[in-house]
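Q: Below are the sequence and a predicted model for it; my questions follow.
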Amino acid sequence: MELADSLDVHRVFPQDPSQDQIDEYRRLSAEQAGSVAVISTKQRGRDHAATVSAFISVSYDPPTLLVSLYAESRIALAVAESGNWALSLLSAEQKRQANWLASPGTPVEGLLNQIDFRRGPATGNAVIAGALAYFEVETTQVHTAATHLLVVGQVVSMGEDALWTRELSPLIHYGGDYRRLKP
């Protein structure tokens with residue numbers, strides 16, 4: 001039997017995918033585990049923040065990150081305009097914060113009132129307390145890709161919470177749900 005005979009093939013027409021193809025892509029791409037983080041920025045004196053799982057380390061020299069944001073979201077517009085942002089990598093114990101900042105219709109005013117955070121030393125953006133690590137980033141490029149903005153930036157500050165211990169598990173997004181890496 002050839003490999004092609006054992007594959008369940010779903011042909012996709014990229015310029016005009018059907019709703020079934022979009023749903024199948026969403027289902028299959030959920031098989032990729034990803035860390036969960038909170039991106040934050042300040043725009044016109046107001047905090048903006050959202051949960052993300054589509055980000056990668058692009059380069060170690062110089063330290064560079066990329067995050068993918070839905071182009072029509074408040075956070076994408078705020079990040080694109082502000083020119084800097086913070087990324088806080090969440091622990092499994094921070095599922096409540098991840099759910100809150102991933103919820104549609106969160107308020108603009110008081111968005112972070114129920115979340116413990118501090119201000120990053122370089123940008124002043126919100127860094128989530130208890131996060132495994134944080135990065136403050138200055139945007140260097142913004143690219144449009146389908147329905148998203150790919151925001152690239154150089155890290156200008158980074159660190160970890162002093163209360164963080166190696167026993168904490170990172171919060172992972174897998175199969176459409178939040179999970180922990182360690183039991």
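A: Here it is on my side, so go on.

Q: Show me what residue 50 bridges to in the sheet.
A: With DSSP bridges as the criterion, residue 50 is bridged to residue 39.

Q: Cross-check the contact I'm expecting between it and residue 99.
A: No: taking contacts as Cβ atoms under 8 Å, residue 50 lies outside contact range of residue 99: 11.8 Å. All C-beta spots, glycine's among them, are computed from the backbone N, C-alpha and C.

Q: More neighbours: the two, which one.
A: Taking other Cβ atoms under 10 Å, residue 50 and residue 99 do not tie; residue 50 has more neighbours (24 against 11).

Q: helix or strand for residue 22, which one?
A: Assigned by DSSP states H and E, residue 22 falls within helix 19-29.

Q: What residues of that helix count as buried?
A: Buried positions in helix 19-29, judged by neighbour count with 16 or more other Cβ atoms under 10 Å: none.

Q: If you count contacts, what does the next helix or strand after it end up packed against?
A: With elements assigned by DSSP H and E, the helix or strand that comes after helix 19-29 is strand 34-35. Judged by 3 or more Cβ pairs under 8 Å, 6 or more residues apart in numbering; DSSP states H and E, the packing partners of strand 34-35 are strand 171-174.
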